[in-house]
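[1] Give me coordinates for this.
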Amino acid sequence: MSTAQPQPRAVTGADYRRRQTIAAWTRTGVILVSSVVLLFYVLAPVAWLVSSSIQTEAEIVSVPPHWIPEEPTLQNFRAIFKATEEEEVTYENRSGVDPAAGGFIPSTAQNLLPAMWNSFLVATLVVIFNLLVGVPAAYAMAKIRYWGRNGSVYFILITRVIPDIALVVPFFLVIRKLGLLDTISSLVITYLAITVPFTVFILIQYFEGLPDELDKAARVDGCSRLQSLLRVFLPLSLPSLVAVVLFTFLTSWNEFLLALMFTQTEASQTLPILLASFTSDFTISFSFINAAGVLAIIPPVIVAILFERYIVSGLTAGAVKG
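    Prediction:
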């Protein structure tokens with residue numbers, strides 16, 4: 001006597017829709033959890049920096065750490081702005097201050113605000129000269145056909161393959177020969193050598209994505225090459241220009257190695273160098289360093305927020321050509 005085998009149930013439309021719903025919710029859940037983990041990984045150091053900047057020294061070194069200050073204080077920020085009014089810091093009066101009490105001020109604290117100004121000045125000058133050099137170069141390579149064009153583009157890209165540490169000695173010899181050691185000009189010159197290739201590469205891709213007919217129409221209307229660039233292409237390339245400005249500003253603001261090699265005194269030192277000097281004193285005040293770090297990230301954050309809408313569109317400009 002044979003036993004009848006059960007027939008598999010046919011998949012109905014309701015079953016198919018239910019499976020689709022479960023798959024969609026699973027995909028959404030995985031994306032959400034991954035986003036939260038990535039967001040925590042990225043923002044946790046920044047959150048700790050801000051939180052510890054308003055903590056006392058005793059609280060910041062406590063175990064377990066306090067993410068939310070129990071007794072928030074602004075004494076670290078007041079110390080930064082009053083550092084120039086304090087008496088000269090020597091080993092005698094420095095060693096008599098208990099860092100846990102939060103009253104310790106590094107001997108180089110009085111140079112913090114001037115160093116911020118130096119960083120801002122260097123970054124601004126690099127951005128301006130970068131655009132003055134990079135924009136015409138990118139336009140010429142994208143719209144003017146000349147012998148050796150492709151080779152010049154590849155040569156510019158090759159310069160970015162070389163690590164910055166390998167360029168320190170050649171840069172140093174050039175800067176010393178020009179008599180620009182320990183000056184802001186030395187940083188502007190070297191930072192331009194680092195940032196201009198990126199500027200040219202981004203803008204070439206964008207300019208090549210714009211129709212050649214625009215350039216031809218401008219020339220027919222009597223525009224010179226320069227007028228065509230200023231009146232036609234620059235207004236259309238705003239997203240890529242903003243991306244270039246952000247990259248150039250942030251690179252110049254955060255650069256450490258070349259600034260360490262070419263600056264020795266407070267007259268030309270930038271903010272990263274001065275922040276590093278806080279850790280080489282007789283005693284380290286973590287809360288004071290973190291307060292200075294908060295001030296250091298404010299200008300880049302403001303610039304990024306103001307131009308956030310252009311960042312992605314500028315970096316991807318010219319990636320797809322139709």
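[2] For Ile60, give me its contacts.
    52, 66, 286-287, 290 (C-beta atoms under 8 Å, 6 or more residues apart in numbering). Bear in mind the C-beta positions are built from the backbone N, C-alpha and C, glycine included.
[3] before we move on, what about Ile289?
    Shown in contact with Ile289 (C-beta under 8 Å, 6+ apart): 275, 278-279.
[4] Just the buried ones among those residues, please.
    275, 278 (16 or more other C-beta atoms under 10 Å).
[5] Looking at the contacts of Ile289, spot the one nearest Gln75.
    Phe278 (16.1 Å; C-beta to C-beta).
[6] For the closest one, give me the pLDDT.
    Phe278 is assigned 79 on the pLDDT scale.
[7] what's it in contact with, if anything?
    By C-beta under 8 Å, 6+ apart, the neighbours of Phe278 are 106, 108-109, 284-285, 288-289, 292.
[8] now do Ile80
    109, 112-113, 288, 291-292, 295.
[9] Now, the residues you listed that are in helices?
    Filtering the contacts of Ile80 for membership in helices, criterion DSSP state H, returns 112-113, 288, 291-292, 295.
[10] which of these sit farthest apart?
    The span of these, defined through C-beta to C-beta, is set by Leu113 and Phe288 at 14.0 Å.
[11] Between those two, which has more neighbouring residues?
    Phe288 (26 against 16; other C-beta atoms under 10 Å).
[12] quick one: pLDDT of the spatially closest residue to that one that is not a sequence neighbour?
    Excluding the flanking residues, the one nearest Phe288 by C-beta to C-beta, 6 or more residues apart in numbering is Asn76, at 5.2 Å. On the pLDDT scale, Asn76 is placed at 77.
[13] about what we covered before: between all of the contacts of Ile80, which two are separated the most?
    Leu113 and Phe288 (14.0 Å).
[14] From the contacts of Ile289, pick the one nearest Val30.
    When those are compared against Val30 (criterion: C-beta to C-beta), the nearest one is Leu275, at 39.1 Å.
[15] Tell me the spacing between the closest one and Thr108.
    Look at Leu275 and Thr108: by C-beta to C-beta, to the nearest Å, they are 9 Å apart.
[16] Could you do Ala267 as well?
    For Ala267, the distance to Thr108 - C-beta to C-beta - is 13 Å.
[17] Neighbour count: these two, which is higher?
    Set side by side, Ala267 and Thr108 show more neighbours around Thr108, with 20 against 12, by other C-beta under 10 Å.
[18] Once you drop chain neighbours, what's closest to that one?
    Ser277 (4.8 Å).
[19] mind checking which helix or strand that neighbour is in?
    Using DSSP states H and E, Ser277 falls within helix 271-277.
[20] The contacts of Ile80 into JSON lines, with extra columns for pLDDT and distance to Arg176?
    Converted to JSON lines, the contacts of Ile80 look like this (pLDDT from 0 to 100; distance: C-beta to C-beta, whole Å):
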{"residue": "Ala109", "pLDDT": "75", "distance to Arg176": "30"}
{"residue": "Leu112", "pLDDT": "84", "distance to Arg176": "28"}
{"residue": "Leu113", "pLDDT": "85", "distance to Arg176": "29"}
{"residue": "Phe288", "pLDDT": "79", "distance to Arg176": "35"}
{"residue": "Ala291", "pLDDT": "85", "distance to Arg176": "36"}
{"residue": "Ala292", "pLDDT": "86", "distance to Arg176": "31"}
{"residue": "Leu295", "pLDDT": "88", "distance to Arg176": "32"}
